[in-house]
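Asks: build me a model from this:
(chains A and B)
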Amino acid sequence: LVCWTAMVAAYARNGYVFQAKHLFDEMPERNVFTWTLMLSVYSENDCVDETKSMFDEMPERNLVSYNAMISVYASSGHLQQAKEMFDHLPERNLVSWTSMITAYSVYSDVNQSKETFDAMPEQNLVSWNALLSTYAQNPGYFESAKLIFENMPQRNQISWNAMLLACADNGFLKDGERIFSQMPERTLVTWTTMVLAYARNGHIQSAKTMFGAMSQHSLVTWTAMLAAYADNGLLEDARQTFLKMPEKNLVTWTSMLTVYAHNGYLEEAAQVFDHMPERDLVSWNAILTVNAMHNQFEQSQCIFYSMPAQDTGTWNIMLALYTRNGHIWKAKKLFDQIPDKSLVSWTPMLAAYSRNGHTQKALIMAETMKLLDMAD
RNA sequence: CAACACCAAGUCGUCGUA
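Replies: Below you'll find the predicted structure:
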């Protein structure tokens, strides 16, 4: 049994999700270890619902399996579910606590993230890194990130990379270059981050040079370079990169679709969508966005109704389309149908009302939000 | 002897950048 599980793990580590699943199905017997392993394999695809049903199917669970589930909730922004599970745990360990730091960070609640860190019975390098990432990934906390980075008890490769990303995202290119040169060692992640640092700060030439200087490339680095060109409006370079790539996945295809879309090539974007080997919610939202932004009303509605799944992003796109075209009642109808409304659903509706001169309704809405304790 | 937490790529909202 140990051998089988190790093999499933080996497949999963190398990206052979399908083979891992196959092996899992073929195993003569399974235990908590195996089930939890499969949980984490699935969770890498961000399919929260599927992961949850797998979790529910498990014949037995231990702290590790609960932690795995909390981690999925955390990284996908399902703070409520993560917190609820965490609160009901009979016992918690470092891993459980660190996942909650991440959960708050993804939910943009920087203060709670820090409070969780402070509330932990003990901290290790990983939890310090998690806190550092909270500051690195939420805008406006660059100074805090720097402070943590300089004062943490130890640093590893991940700490350096996280700090580099913070520089890149906050426009501190010079600091980023300094971090890059000071690092004890550099990984593929480091190089990719540096490519992004240049690209996002308007130095596409340097980004390209950096990309060329890398000793190896992966699917992610190629796609990052594609996105870099896209960010800088270089359609032709993006297209060439796309054609040159040795392999492509959903992210690559969707990036290319978006490049066309941002440059006004509706037709080409649609073609990319049609040729994609597979689609997920993000790619559906992307094609919906293209049509909505060009006010292709019928086409947008058609896509909207034929989508296999929808999320708050989808509804926001449609809300924006409806209100831009003066269909405020359609917007309202859609809004009323949204389950589990959160801040991200209320905000566009509120904006829609005020933009269309329905000041009174906007005010009522704002009041309602206040009553529901969602805004201040 | 095997499973869980921290770093890089895609869509939407809010906020910034003009």
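
Asks: show me the shaky parts of chain A.
Replies: A:340, A:342-344, A:372-376 (pLDDT under 70).

Asks: show residues contacting stretch A:185-194.
Replies: A:157, A:160-161, A:164-165, A:168, A:176, A:180, A:183, A:210, A:213-214, A:216, A:218, A:220-221, A:224 (C-beta atoms under 8 Å, 6 or more residues apart in numbering). (Glycine included, C-beta is placed from N, CA and C.)

Asks: and the residue nearest the centre of chain A?
Replies: residue A:76 (6.9 Å; C-alpha atoms, centre = their mean).

Asks: give me phi/psi at that residue?
Replies: Main-chain torsions, residue A:76, degrees, to the nearest 10: phi -100, psi 10.

Asks: was I right about it contacting residue A:48?
Replies: Yes: proximity of residue A:76 to residue A:48 meets the contact threshold set by C-beta atoms under 8 Å, at 5.0 Å.

Asks: and residue A:363, how many neighbours does it have?
Replies: 13 (other C-beta atoms under 10 Å).

Asks: same question, residue A:253
Replies: For residue A:253, using other C-beta under 10 Å, the count is 21.

Asks: what's near enough to touch it?
Replies: Residue A:253 touches A:272, A:275, A:276, A:277, A:283, counting by C-beta under 8 Å, 6+ apart.

Asks: scan these and report the most crowded one.
Replies: residue A:272 (23 neighbours).

Asks: which residues does it contact?
Replies: A:253, A:256, A:257, A:260.

Asks: please repeat the previous calculation with a cut-off of 6 Å.
Replies: A:256, A:257 (C-beta atoms under 6 Å, 6 or more residues apart in numbering).

Asks: now name the helix or strand holding it.
Replies: Following DSSP states H and E, the helix or strand that holds residue A:272 is helix A:266-275.

Asks: over to residue A:226?
Replies: Counting by DSSP H and E, residue A:226 is found in helix A:219-231.

Asks: may I have that helix as PDB, with CA atoms only?
Replies: Extracted in PDB, the C-alpha atoms of helix A:219-231 (Å, rounded to 0.1, in the frame of the first residue of the first chain):
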ATOM      1  CA  LEU A 219       5.200  26.100 -19.800                       C
ATOM      2  CA  VAL A 220       4.800  28.700 -17.200                       C
ATOM      3  CA  THR A 221       7.800  30.800 -18.300                       C
ATOM      4  CA  TRP A 222       6.700  30.700 -21.900                       C
ATOM      5  CA  THR A 223       3.200  31.800 -21.000                       C
ATOM      6  CA  ALA A 224       4.600  34.500 -18.700                       C
ATOM      7  CA  MET A 225       6.500  35.800 -21.700                       C
ATOM      8  CA  LEU A 226       3.400  35.700 -23.800                       C
ATOM      9  CA  ALA A 227       1.600  37.700 -21.100                       C
ATOM     10  CA  ALA A 228       4.500  40.100 -21.000                       C
ATOM     11  CA  TYR A 229       4.100  40.900 -24.600                       C
ATOM     12  CA  ALA A 230       0.400  41.200 -24.200                       C
ATOM     13  CA  ASP A 231       0.800  43.700 -21.300                       C
END
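
Asks: circling back to that earlier point, contact partners for the residue nearest to the centre of chain A?
Replies: Counting by C-beta under 6 Å, 6+ apart, the residues that residue A:76 touches are residue A:48.

Asks: at 8 Å what do you get?
Replies: A:46, A:48, A:106.

Asks: circling back: does RNA strand B sit close to the helix holding residue A:272?
Replies: No: judged by C-beta under 7 Å from any atom of the strand, helix A:266-275 stays clear of RNA strand B, getting no closer than 10.8 Å.

Asks: then that helix to CSV, C-alphas only?
Replies: Listed next in CSV are the C-alpha coordinates belonging to helix A:266-275 (Å, rounded to 0.1, in the frame of the first residue of the first chain):
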residue,chain,number,x,y,z
LEU,A,266,-12.9,40.1,-32.1
GLU,A,267,-12.9,37.6,-35.0
GLU,A,268,-9.5,36.2,-34.1
ALA,A,269,-10.4,35.9,-30.4
ALA,A,270,-13.4,33.9,-31.3
GLN,A,271,-11.3,31.6,-33.5
VAL,A,272,-8.9,31.0,-30.7
PHE,A,273,-11.8,30.1,-28.5
ASP,A,274,-13.2,27.7,-31.1
HIS,A,275,-9.8,26.0,-31.4
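
Asks: in the next helix or strand after that helix, which residues are buried?
Replies: Using DSSP H and E, the helix or strand that follows helix A:266-275 towards the C-terminus is helix A:281-293. Within helix A:281-293, the residues scored as buried using 16 or more other C-beta atoms under 10 Å are A:281, A:283, A:284, A:285, A:286, A:287, A:288, A:289, A:290, A:291, A:292, A:293.

Asks: just give me the closest of those residues to residue A:141.
Replies: Using C-beta to C-beta, residue A:285 comes nearest to residue A:141 of those, at 28.1 Å.
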